[in-house]
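# turn this into a structure:
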Amino acid sequence: MANTKLQPEVTKFDRAYLRMAQVWAGLSHCERRKVGAIIVKDRMIISDGYNGTPSGFENCCEDENGKTLWYVLHAEANAILKLSRSTQSAEGATLYLTLSPCKECSKLILQAGIRKLVYIDEYSDEDGIGFLKNHGIEVLKVTDL
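Residues are numbered from 1 along each chain as shown. Alright, predicted model coming up:
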């Protein structure tokens with residue numbers, strides 16, 4: 001049956017990469033929220049990430065009151081930064097996230113040249129999604145994996 005909605009059709013690959021992002025989220029040491037990211041270009045995974053502390057830091061994301069420490073990196077930031085240490089480029093890539101990006105990470109996504117975002121759950125502040133849509137990034141929410 002043809003997709004009659006304005007939103008693009010979710011492919012089997014979209015679902016598969018989101019499931020991989022969920023597995024990656026499980027690697028996070030954060031207690032409050034575990035988020036995973038996969039960056040794909042030409043159906044190849046070129047980077048991955050999960051929320052956590054920078055390399056060399058203790059794997060503890062929250063303080064004694066349960067508040068996230070200021071230096072914890074978001075999953076998408078980790079995945080994008082990982083690309084800077086490789087020969088790959090995110091230009092034209094698709095980002096798969098278990099949680100939609102915050103405003104700060106949305107700027108990184110745009111600047112990295114990512115053209116499509118596919119995510120599962122929405123972050124409490126949806127301004128990041130609006131920012132990406134307003135700048136021509138294709139955004140797709142998937143609720144049925």
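# so in the chain, which helix runs the longest?
helix 12-25 (DSSP state H).
# next one: E91 from L81, what distance?
Distance, E91 to L81, using C-beta to C-beta, to the nearest Å: 16 Å. C-betas here are computed from N, CA, C, even on glycine.
# paired strands for the helix or strand hosting Y119, with orientation please.
Secondary structure assignment for Y119, by DSSP states H and E: strand 116-121. Sheet pairing here is set by DSSP bridges, and for strand 116-121 it gives strand 94-99 (parallel), strand 138-141 (parallel).
# in the protein, which spans are helices?
According to DSSP H, the helices that the chain contains are 12-25, 75-83, 103-112, 127-134.
# what helices or strands is the longest helix of the chain leaning on?
The contact analysis (3 or more C-beta pairs under 8 Å, 6 or more residues apart in numbering; DSSP states H and E) places helix 12-25 against strand 36-41, strand 44-50, helix 75-83, strand 94-99, strand 116-121.
# of the ones you listed, which is nearest L108?
Checking the helices and strands packed on helix 12-25 against L108 by C-beta to C-beta gives helix 75-83 as the closest, at 5.4 Å.
# angle of that closest one against helix 103-112?
If you take axes from the mean of the first three to the mean of the last three C-alpha atoms, to 10 degrees, helix 75-83 sits at 30 degrees to helix 103-112.
# now do helix 75-83 against strand 36-41, angle only.
Calculated by the same axes, to 10 degrees, helix 75-83 forms an angle of 50 degrees with strand 36-41.
# that older thread, list the buried ones in the longest helix of the chain?
For helix 12-25, the neighbour count (16 or more other C-beta atoms under 10 Å) marks D14, Y17, L18, R19, M20, A21, Q22, W24, A25 as buried.
# returning to that earlier point: the more surrounded of E91 and L81?
A side-by-side neighbour count of E91 and L81, using other C-beta atoms under 10 Å, places L81 first with 15 against 11.
# any idea of the pLDDT on the more buried one?
pLDDT, L81: 95.
# enumerate every residue touching the nearest residue in space to it that is not next to it in sequence.
In this structure, L81 finds its nearest non-sequential neighbour in L73, 7.3 Å apart by C-beta to C-beta, 6 or more residues apart in numbering. By C-beta atoms under 8 Å, 6 or more residues apart in numbering, the contact set of L73 is G49, N51, G52, T53, P54, L81.
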